[in-house]
Each structure stands twice: as structure tokens, then as C-alpha cells.
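[1] When you get a sec, could you give me coordinates for this:
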Amino acid sequence: MDTKDIFKVLANDTRLRILQWLKDPKAHFPNAENGVNETEGVCVGLIQKKSGLAQSTISHYLVMLEEAGLVKSTRQGQHTYYRRNNTALADLAHLVADEL
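    Now for the predicted structure:
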């Protein structure tokens, strides 16, 4: 995915909020012991509940973020967990600082 497409993915308030929530899952999902995993991230169901949007919309947003390389997913049984790809976000920050 090229840089222009990554910025298109980021040009949505909900997708930006998801990245913010995933930055500090314990702060944004404080009572969700079963849906927050230290290493794997946050269960898609918790993200959907917090957003108030339809499951299909949130799933689509998360796929977009993953295709952009900004999040990673892990499947555990019937649950999918998402976490930030901090390396990709740091690379994007360097790109903005150095080239734009």
C-alpha cells in the first residue's frame, strides 16, 4: 500500500480513535479483562461495542487498518484480537517528518 492510501485510511475519525484505543488498551477498555490480551491486543467485539457501530463496519475498518500495515491481528479460537503495529506507525512518523 502506498503512502497516499495509508493517509486515506487515516482520514476517518473512527479509525483514528481505534488506533488511539489500541495505544493504551487498559485505559480505554478498563473493565474488559477477558477481551484485552497483553500480547495479542483487543478483541474485535470490545472495539465494536466501544465504537457503537455495526460489527460489519468495525470489521471493515480493522481490515483497512491491517491492509495499511497499521494494526496486526491474531486469531484465538473464535476471537480475533487487534494490536497496533508500532513499527509501521513509527516509520510513517519518520516519513512525515523527513519527506513531507
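[2] mind listing the strands in the chain by residue range?
    36-37, 41-43, 71-76, 79-84 (DSSP state E).
[3] So which of the ones you listed is the most surrounded?
    Comparing these by mean neighbour count (mean count of other CB atoms under 10 Å), strand 41-43 ranks first with a mean of 22. Using the backbone N, CA and C atoms, a C-beta is placed for each residue, glycine as well.
[4] Mind listing the strands that one pairs with, and their directions?
    strand 36-37 (antiparallel), strand 79-84 (antiparallel) (DSSP bridges).
[5] Show residues contacting it.
    21-22, 25, 29, 32, 34-37, 71-74, 79-84 (CB atoms under 8 Å, 6 or more residues apart in numbering).
[6] and what of stretch 69-76?
    So stretch 69-76 is in contact with 1, 6, 9-10, 18-19, 22, 37, 40-41, 62, 65-66, 80-85, 88-89, 92, going by CB under 8 Å, 6+ apart.
[7] Recalculate using a threshold of 7 Å.
    For stretch 69-76, contacts defined as CB atoms under 7 Å, 6 or more residues apart in numbering pick out 1, 19, 22, 40-41, 62, 65-66, 80-85, 88-89.
[8] okay, among the residues you listed, which ones form the most distant pair?
    M1 and E40 (23.2 Å; CB to CB).
[9] neighbour count winner among these two?
    E40 (17 against 12; other CB atoms under 10 Å).
[10] hang on, isn't that one packed against Y81?
    Yes. Using CB atoms under 7 Å, E40 is in contact with Y81, at 3.9 Å.
[11] circling back: how about the strands of the chain in TSV, adding distance to A97 and mean pLDDT?
    Converted to TSV, the strands of the chain look like this (distance: least, CB to CB, whole Å; pLDDT from 0 to 100):
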stretch	distance to A97	mean pLDDT
strand 36-37	31	82
strand 41-43	27	94
strand 71-76	22	94
strand 79-84	19	95
